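Novice: Sequence plus the predicted model coming up.
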Amino acid sequence: MHYVQMNILQNLTPSSIAQNVGFSSSHLSRRFKMETGVTLNQYINQQRIIVARRLLKHTSMPIREVAEHCGVSDWNYFTKIFRNEVGCTPTEFRKGEQSDLKNNNKVSFGNELPCVLK
(Lines give C-alpha, C1' and ligand atoms only; values in the text may rest on other atoms or scores of the structure.)
Protein backbone atom coordinates (compact mmCIF):
# COMPACT_ATOMS: atom_id res chain seq x y z
CA MET A 1 0.00 0.00 0.00
CA HIS A 2 2.83 2.36 0.83
CA TYR A 3 4.38 1.80 -2.61
CA VAL A 4 1.07 2.67 -4.30
CA GLN A 5 0.62 5.83 -2.23
CA MET A 6 4.17 6.99 -2.91
CA ASN A 7 3.92 6.33 -6.65
CA ILE A 8 0.26 7.12 -7.34
CA LEU A 9 1.14 9.80 -9.88
CA GLN A 10 2.80 7.14 -12.07
CA ASN A 11 1.01 4.81 -14.46
CA LEU A 12 0.65 2.01 -11.90
CA THR A 13 -0.51 -1.48 -12.79
CA PRO A 14 -0.43 -4.68 -10.76
CA SER A 15 2.36 -5.88 -13.08
CA SER A 16 4.53 -2.80 -12.56
CA ILE A 17 4.04 -2.97 -8.80
CA ALA A 18 4.81 -6.70 -8.73
CA GLN A 19 8.08 -6.10 -10.58
CA ASN A 20 9.12 -3.49 -8.03
CA VAL A 21 8.29 -5.59 -4.97
CA GLY A 22 9.58 -8.91 -6.32
CA PHE A 23 6.36 -10.92 -6.66
CA SER A 24 4.50 -12.28 -9.64
CA SER A 25 1.51 -10.17 -10.62
CA SER A 26 -0.99 -12.94 -9.86
CA HIS A 27 0.56 -13.70 -6.45
CA LEU A 28 0.60 -10.02 -5.48
CA SER A 29 -2.99 -9.47 -6.63
CA ARG A 30 -4.26 -12.57 -4.82
CA ARG A 31 -2.41 -11.72 -1.61
CA PHE A 32 -3.49 -8.07 -1.71
CA LYS A 33 -7.16 -9.03 -2.12
CA MET A 34 -6.92 -11.58 0.67
CA GLU A 35 -5.36 -9.09 3.09
CA THR A 36 -7.38 -5.95 2.23
CA GLY A 37 -10.69 -7.17 0.83
CA VAL A 38 -10.30 -5.06 -2.33
CA THR A 39 -8.45 -5.76 -5.53
CA LEU A 40 -5.17 -4.03 -6.23
CA ASN A 41 -6.77 -2.18 -9.16
CA GLN A 42 -9.59 -0.96 -6.91
CA TYR A 43 -7.08 0.29 -4.36
CA ILE A 44 -5.02 2.07 -7.01
CA ASN A 45 -8.16 3.76 -8.34
CA GLN A 46 -9.27 4.76 -4.83
CA GLN A 47 -5.91 6.42 -4.22
CA ARG A 48 -6.09 8.21 -7.57
CA ILE A 49 -9.54 9.55 -6.71
CA ILE A 50 -8.28 10.90 -3.37
CA VAL A 51 -5.66 12.93 -5.24
CA ALA A 52 -8.19 13.96 -7.92
CA ARG A 53 -10.71 15.23 -5.34
CA ARG A 54 -8.04 17.46 -3.79
CA LEU A 55 -7.00 18.83 -7.20
CA LEU A 56 -10.60 19.44 -8.26
CA LYS A 57 -11.39 21.17 -4.99
CA HIS A 58 -8.29 23.33 -4.68
CA THR A 59 -7.21 24.08 -8.27
CA SER A 60 -8.75 25.17 -11.55
CA MET A 61 -6.74 22.54 -13.41
CA PRO A 62 -8.69 21.16 -16.41
CA ILE A 63 -10.14 17.67 -15.93
CA ARG A 64 -7.77 16.21 -18.54
CA GLU A 65 -4.78 17.54 -16.61
CA VAL A 66 -6.19 16.24 -13.33
CA ALA A 67 -6.52 12.81 -14.93
CA GLU A 68 -2.95 12.90 -16.23
CA HIS A 69 -1.65 14.17 -12.89
CA CYS A 70 -3.34 11.17 -11.22
CA GLY A 71 -1.63 8.72 -13.55
CA VAL A 72 -4.52 8.19 -15.98
CA SER A 73 -3.77 9.16 -19.58
CA ASP A 74 -7.33 8.54 -20.86
CA TRP A 75 -9.60 11.20 -19.36
CA ASN A 76 -12.74 9.27 -20.39
CA TYR A 77 -11.53 6.31 -18.33
CA PHE A 78 -10.69 8.72 -15.51
CA THR A 79 -14.25 10.08 -15.60
CA LYS A 80 -15.59 6.52 -15.47
CA ILE A 81 -13.53 5.50 -12.43
CA PHE A 82 -14.27 8.83 -10.73
CA ARG A 83 -18.02 8.32 -11.22
CA ASN A 84 -17.78 4.73 -9.95
CA GLU A 85 -15.94 5.79 -6.80
CA VAL A 86 -17.64 9.12 -6.02
CA GLY A 87 -21.08 8.90 -7.61
CA CYS A 88 -20.74 11.90 -9.92
CA THR A 89 -18.45 13.14 -12.68
CA PRO A 90 -15.37 15.23 -11.92
CA THR A 91 -17.13 18.26 -13.43
CA GLU A 92 -20.20 17.75 -11.23
CA PHE A 93 -17.94 17.31 -8.20
CA ARG A 94 -16.12 20.57 -8.92
CA LYS A 95 -19.37 22.48 -9.53
CA GLY A 96 -20.76 21.16 -6.25
CA GLU A 97 -17.65 22.28 -4.39
CA GLN A 98 -17.74 25.75 -5.98
CA SER A 99 -21.44 26.15 -5.27
CA ASP A 100 -21.01 25.13 -1.64
CA LEU A 101 -18.07 27.49 -1.17
CA LYS A 102 -19.91 30.43 -2.74
CA ASN A 103 -22.98 29.87 -0.60
CA ASN A 104 -20.93 29.31 2.57
CA ASN A 105 -23.26 26.51 3.48
CA LYS A 106 -21.06 23.53 2.85
CA VAL A 107 -22.55 20.31 4.07
CA SER A 108 -19.96 18.03 5.61
CA PHE A 109 -20.08 14.44 4.46
CA GLY A 110 -17.02 13.55 6.52
CA ASN A 111 -15.02 12.96 3.36
CA GLU A 112 -15.25 16.35 1.60
CA LEU A 113 -17.54 15.06 -1.16
CA PRO A 114 -20.45 17.15 -2.41
CA CYS A 115 -22.01 14.10 -4.03
CA VAL A 116 -23.02 10.73 -2.70
CA LEU A 117 -20.54 7.87 -2.52
CA LYS A 118 -21.72 4.59 -3.98
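Specialist: Here it is on my side, so go on.
Novice: I'd like to know how many residues surround Q47.
Specialist: 19 (other C-beta atoms under 10 Å). (Each C-beta comes from the backbone N, C-alpha and C, glycine too.)
Novice: which ones are touching it?
Specialist: Each residue near Q47 by C-beta atoms under 8 Å, 6 or more residues apart in numbering is listed here: V4, Q5, I8.
Novice: tell me which residues in stretch 41-54 are buried?
Specialist: Q42, Y43, I44, N45, Q47, R48, I49, V51, A52, R53 (16 or more other C-beta atoms under 10 Å).
Novice: what's the following helix or strand after the helix or strand encompassing R53?
Specialist: In this assignment (DSSP states H and E), R53 forms part of helix 40-58. Moving toward the C-terminus from helix 40-58, the next helix or strand (DSSP H and E) is helix 63-69.
Novice: now the helix or strand just after that next one, how far from the chain's geometric center?
Specialist: Toward the C-terminus, helix 63-69 is succeeded by helix 75-86 as the next helix or strand (DSSP H and E). Helix 75-86 sits 8 Å away from the centroid of its parent chain (C-alpha atoms, centre = their mean, to the nearest Å).
Novice: what angle separates helix 75-86 from helix 40-58?
Specialist: Here helix 75-86 runs at an angle of 90 degrees relative to helix 40-58 (axes from the mean of the first three to the mean of the last three C-alpha atoms, to 10 degrees).
Novice: now for helix 75-86, which elements pack on it?
Specialist: Of the remaining helices and strands, those touching helix 75-86 by 3 or more C-beta pairs under 8 Å, 6 or more residues apart in numbering; DSSP states H and E are helix 40-58, helix 63-69, helix 90-103.
Novice: No more questions from me, cheers.
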